[in-house]
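>>> Provided below for reference: sequence and predicted model.
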Amino acid sequence: ILNAKPENVEREAEIIAQSGRLGAVTIATNMAGRGTDIILGGNAEFMARLKLRELLMPRIVNTIDKVQLEEKQKLPQRKNWKVNENLFPCELSPDNISLVENAVQMAVRTWGKRSLTELEAEDRLSYACEKGPTQDEVIAKLRSVFQSIVNEYKIYTEEEKNKVIAAGGLHVVGTERHESRRIDNQ
């Protein structure tokens with residue numbers, strides 16, 4: 001059950017993005033404003049971004065806050081970017097694992113091992129998962145890997161989409177109309 005509390009936003013976006021998968025049941029107080037769309041069969045782009053994030057972030061993000069060190073406060077528990085493996089439609093192929101590892105190593109060599117803040121790393125990952133032009137070789141490499149993962153996942157999500165459609169599609173029960181007609185039409 002999703003409740004849109006601020007501390008759950010990231011995880012809830014993952015869940016909403018996969019609400020269109022075969023056998024998925026999602027109960028939410030409000031499906032709007034989650035930052036993602038429900039796609040029958042699953043959202044291959046969203047899954048690919050999560051997989052790349054899971055493998056990249058632990059290697060480039062500095063999880064120790066310098067202010068906390070200076071103030072000798074208790075260090076926070078190290079952030080974990082691990083995603084439940086059931087979210088992904090398949091394991092990555094050995095070829096894609098190799099591509100990801102090469103791209104991550106290039107990012108570490110260029111940006112430094114655990115040298116970025118989480119916000120800086122998220123910005124770079126976001127840019128890598130978009131289609132805008134880039135001069136940055138690391139971003140270009142990450143983008144290529146991202147697209148390769150998307151293509152692998154799409155094989156499975158397209159097959160699952162057809163099964164969901166054959167089963168009758170997505171069933172949504174709403175208790176009230178949303179103020180935005182666009183949301184209701186989705």
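Structure received. Numbers count the residues shown, from 1 in each chain.
>>> worst-scoring helix or strand of this structure, pLDDT-wise?
helix 66-70 (a mean of 53; mean pLDDT, DSSP states H and E).
>>> Which element is encountered next along the chain beyond that helix?
Past helix 66-70, further along toward the C-terminus, the next helix or strand under DSSP states H and E is helix 94-111.
>>> any idea of the mean pLDDT in the helix or strand just after that next one?
Once the chain leaves helix 94-111, the next helix or strand it forms, by DSSP H and E, is helix 118-128. Here helix 118-128 scores 94 as its mean pLDDT.
>>> and if you look at stretch 99-109?
Mean per-residue pLDDT for stretch 99-109: 98.
>>> Tell me how far it lies from the chain's centre.
18 Å (CA atoms, centre = their mean, to the nearest Å).
>>> List the buried residues of that stretch.
Using 16 or more other CB atoms under 10 Å as the test for burial, stretch 99-109 gives 99-100, 103-104, 107-108. The C-beta positions use only the backbone N, C-alpha and C, and glycine is treated the same way.
>>> Spatially central residue in this structure, please.
In the chain, the centroid-proximal residue (CA atoms, centre = their mean) is residue 50; its distance is 3.1 Å.
>>> pLDDT at that residue, what is it?
So, for residue 50, pLDDT stands at 93.
>>> List the residues that contact it.
14, 83, 87-88 (CB atoms under 8 Å, 6 or more residues apart in numbering).
>>> which SSE is it in?
Judged by DSSP H and E, residue 50 forms part of helix 44-60.
>>> What residues sit buried inside that helix?
Counting neighbours by 16+ other CB under 10 Å, helix 44-60 gives 44-58, 60 as buried.
>>> Residue ranges in the protein under the pLDDT threshold?
Flagging of the chain using pLDDT under 70 yields the residue ranges 1-4, 28-36, 65-78, 174-186.
>>> So in it, which helix runs the longest?
Identified as the longest helix of the chain according to DSSP state H is helix 137-166.
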